[in-house]
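Trainee: Pasting the sequence and the predicted model now:
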Amino acid sequence: MRVRFLASEILGGLRRNTAMTVSVVLVTFVSLVFVGAGALLQLQVNQMKDYWYDRVQVSVFLCTADSEAPTCTSGEVTPSQRDAVLAELRSPTLQPYVESVQFESKADAYARFQQQFAGTAIAESATEDQLNESFRVKLTDPTKYDVVTQFFAGTPGVEQVQDQRRVLDPFFTVLNVATAVAGGFALVMIVAAALLIATTIRLSAFSRRRETGIMRLVGASKLLIQLPFLLEGVLAAVVGAALAVGALYAAVRFGVQGWLVEALPLFGYVGTHQVWLVAPVLVAVAVLLAGTASVTTLSRYLRV
């Protein structure tokens, strides 16, 4: 009997405030899309970091005949200097930090350069003698690149030590800023959704003040009187959350996995399984948002 009563009260309240209910659904939907997009973007950033940072190397570039570095005053690196650098990379001092070392000759560097810049003017103008020999060093912990950089500072025959991680850091900074911007928009929209839910509950309570007054007189409990209003807000918010999950699923399924993977197959992208990981969080946020706004409004405008 109480379940039937609650259902009829909720449906009646939703019919009386159809426009406001639709507004709650839409605002909740938009706000949770931003929340979900921010969460998925952060998962993508972390996934890309794991992918790229696992592959980045420290490059120890050796002197060429035209190098102007102070360590290259004697001209192009000599065989003894090259062997000394390799011995240091394999020494017990650096062994805990170095996973593997690969030598790249000028011919190898030139072939890779031509492949990277094929069809451009710079590829046609470059010569093999202009490129550096180098040691490509894969570290056991990419965050320890400063150890190698400092170790070879001032070493004869070494022009410079370059860490690829420093090239990637600005890119990930941009992605983190984008995540923060999405989070900012989500926060604004969540506040708007909370205010709209509160307004909807207040109007619903005002329109049914006669009914609630009669229920007080016949001895209805505080919970029984307030519960229909509370569930109205929660139901509208959950519908908005469901729409947000559907929109994010469609965006990842058709936009990311359906198009971006084929257009830019550079690394792994977030998939639909990550959307299902985020979905319970969005529903929980919707319930918490609607519940908090409803309880606060009911305690102020529907005193029992």
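Mentor: Received, thanks.
Trainee: Domain boundaries for the chain, per the record?
Mentor: 2-52+169-301, 57-163 (automatic domain parsing).
Trainee: Burial-wise, tell me which of the ones you listed comes out on top.
Mentor: Ranked by mean neighbour count under mean count of other C-beta atoms under 10 Å, the domains of the chain are led by domain 2-52+169-301, which reaches a mean of 17. (C-beta placed from N, C-alpha, C; glycine too.)
Trainee: tell me the mean pLDDT over that domain?
Mentor: In this model, domain 2-52+169-301 has a mean pLDDT of 77.
Trainee: Quick one: list the elements packing against the lengthiest helix in the chain.
Mentor: Counting residues, the longest helix in the chain under DSSP state H turns out to be helix 165-207. Secondary-structure packing of helix 165-207 (3 or more C-beta pairs under 8 Å, 6 or more residues apart in numbering; DSSP states H and E): helix 2-16, helix 18-53, helix 222-250, helix 272-301.
Trainee: hmm, 10 Å instead?
Mentor: For helix 165-207, the packing partners by 3 or more C-beta pairs under 10 Å, 6 or more residues apart in numbering; DSSP states H and E come out as helix 2-16, helix 18-53, helix 145-151, helix 209-217, helix 222-250, helix 272-301.
Trainee: would you turn those helices into TSV with distance to residue 139?
Mentor: Shown next, in TSV, are those (distance: least, C-beta to C-beta, whole Å):
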stretch	distance to residue 139
helix 2-16	60
helix 18-53	10
helix 145-151	6
helix 209-217	68
helix 222-250	36
helix 272-301	29
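Trainee: Contacts only, for the residue nearest to residue 20 when sequence neighbours are not counted.
Mentor: Distances taken as C-beta to C-beta, 6 or more residues apart in numbering put residue 200 closest to residue 20, at 4.2 Å, once the chain neighbours are dropped. Contact partners of residue 200, counting by C-beta atoms under 10 Å, 6 or more residues apart in numbering, are 13-14, 17, 19-21, 23-24, 229, 232-233, 236, 290, 293-294, 297.
Trainee: now swap in residue 98 and tell me
Mentor: Contacts of residue 98 were listed using C-beta under 10 Å, 6+ apart, and they are 58, 88-91, 135, 137-140, 144, 147-148.
Trainee: how would you label the closest residue to residue 57 other than its chain neighbours: helix, strand or coil?
Mentor: Leaving out its chain neighbours, the residue that sits closest to residue 57 by C-beta to C-beta, 6+ apart is residue 136, at 4.9 Å. State at residue 136, reduced to three classes by DSSP: H, G, I helix; E, B strand; the rest coil: strand.
Trainee: does residue 136 really touch residue 58, like I thought?
Mentor: Yes - Residue 136 lies in contact with residue 58 (C-beta atoms under 10 Å); the separation is 7.9 Å.
Trainee: Quick check: neighbours shared by the two?
Mentor: 101, 164.
Trainee: returning to that earlier point: right, so of the helices and strands packed on helix 165-207, which gets closest to residue 68?
Mentor: Closest approach to residue 68 among those (C-beta to C-beta): helix 145-151, 19.1 Å.
Trainee: for that closest one, packing partners?
Mentor: Using 3+ C-beta pairs under 10 Å, 6+ apart, helix 145-151 is in contact with strand 58-62, helix 79-89, strand 134-139, strand 158-163, helix 165-207.
Trainee: just the angle between the longest helix of the chain and strand 58-62, please?
Mentor: Comparing the axes of helix 165-207 and strand 58-62 via axes from the mean of the first three to the mean of the last three C-alpha atoms, to 10 degrees yields an angle of 150 degrees.
Trainee: distance between helix 165-207 and the chain's centre?
Mentor: 14 Å (C-alpha atoms, centre = their mean, to the nearest Å).
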